[in-house]
Every structure is written in structure tokens, then in C-alpha cells.
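>>> Turn this into a structure:
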Amino acid sequence: MGRSGLSFPRRRHLSARPRLRLRRARPGDGAPTRALFHDAVHRGASLSYSPEERDAWSPSPEAPADWEQKLLSRHTVIAEIRGAPVGFMTLGEDGYLDFAYVAPDWTGRGIGRALLQAILREARRAGLGRLSTEASLVARPFFARHGWRETARQSVIRHGVALTNFRMEIDI
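Numbers count the residues shown, from 1 in each chain. Sure thing, here's the model as predicted:
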């Protein structure tokens, strides 16, 4: 019988890893990044923060009026898969890393690491010698694994509720 002359497509796409794309924030990124942020807080941090704490941290998935401007006024890197944001990080001119979020369904797949590497490249390009952040209970181990040191445990008040986080920094 032998092989038929018909060719069948290989099924590489079934096992292939989705392609991660990093890009700078642009107008229009406000709503999708806010939704990602809200989901990361409410689902991703659910084992570390109470419902009351998560509601204080992110009361609504709707973007406040200044949300997109905050993203665009900083060096913001957005990670996308299939055109949809799956994470983002922001770096201010002063070396403060303000937002660092990965969608809960995409954690543990190297997205945070890719975002952090892009932020560190930008920081070095800008001549920054030290970066700082305020890491949540969830983010603290991630930053520690990447060489950041904890400088203080603190309690911040959001909408009248105390949230624990950690001041951290890294020399680059």
C-alpha cells in the first residue's frame, strides 16, 4: 500500500508555546490593563489578601480617569499573547517600579521575568543605579528571586483598609 500522496499538516501548533510579545504602552491600553490589574488583585492575590483588602486595593475594574495617563507618563512595558495583554510593568524616571502585574491565568510562565528584564534594560539605558518598589505579599517572593532586597515591611492604607506590603530595592 505505501504512503499516500496526501500531506497532512503537522500539529506543531497544538504543542507550541504561545508567542509572547513585549511592547511599550500606547493610547487605548488603559481599559485592558486596568481589567488585568483588577483580575490580578482579586483572583491572583486571593490567597494572600482578604476580600476586604482586595476590594480596597482595587474597588472596580473600571479605569480611573488618570489611569491611562499614569501608564503613558512612565516607561510601561506590556506583555501580549495573541494580541491580548497578559502582564505589564511600569518604571518611573526616578527608578520606582510602580505597577508589576501578570494575569492570574498566565503566572508561572516567565512573563514576569520577561517584563522585569525589559524594565532593567530600560533602567540601565536611562543610567539609573537603583530601582525601588513596594511589593505585595504575592510579588515579594518574585522580586526576592530576582535579586531585590527587602528594606521594610509596611502597612499602607487604601480606602480605609490597611494592606501589608514590602519596600524593596535592587542595585543595577
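
>>> element containing the most centrally placed residue in the chain, please.
Compute the mean C-alpha point of the chain, and by CA atoms, centre = their mean the closest residue is Y101, 2.3 Å away. Using DSSP states H and E, Y101 sits in strand 96-102.

>>> next one: L120
Going by DSSP H and E, L120 is in helix 111-125.

>>> Next SSE downstream of that helix?
strand 130-136.

>>> So which elements touch that following strand?
On a contact count with 3 or more CB pairs under 8 Å, 6 or more residues apart in numbering; DSSP states H and E, strand 130-136 meets strand 96-102, helix 111-125, helix 139-145, strand 161-171. Just so you know, the C-beta spots here come from the backbone N, C-alpha and C atoms, and that holds for glycine as well.

>>> in its sheet, what does the first one sit against?
The pairing partners recorded for strand 96-102 under DSSP bridges are strand 84-91 (antiparallel), strand 130-136 (parallel).

>>> Of the ones you listed, flag the one that's most buried.
strand 84-91 (a mean of 22; mean count of other CB atoms under 10 Å).

>>> sorry, back to before: gap between the strand holding Y101 and the chain center?
Its chain's average C-alpha position is 6 Å from that of strand 96-102, according to CA atoms, centre = their mean, to the nearest Å.

>>> what's the angle between it and helix 111-125?
160 degrees (axes from the mean of the first three to the mean of the last three CA atoms, to 10 degrees).

>>> Give me the contacts around strand 96-102.
If you take CB atoms under 8 Å, 6 or more residues apart in numbering as the criterion, strand 96-102 is touched by 36-37, 40, 44, 70-71, 74, 76, 79, 86-92, 111-112, 115-116, 119, 131-133, 135, 139, 142.
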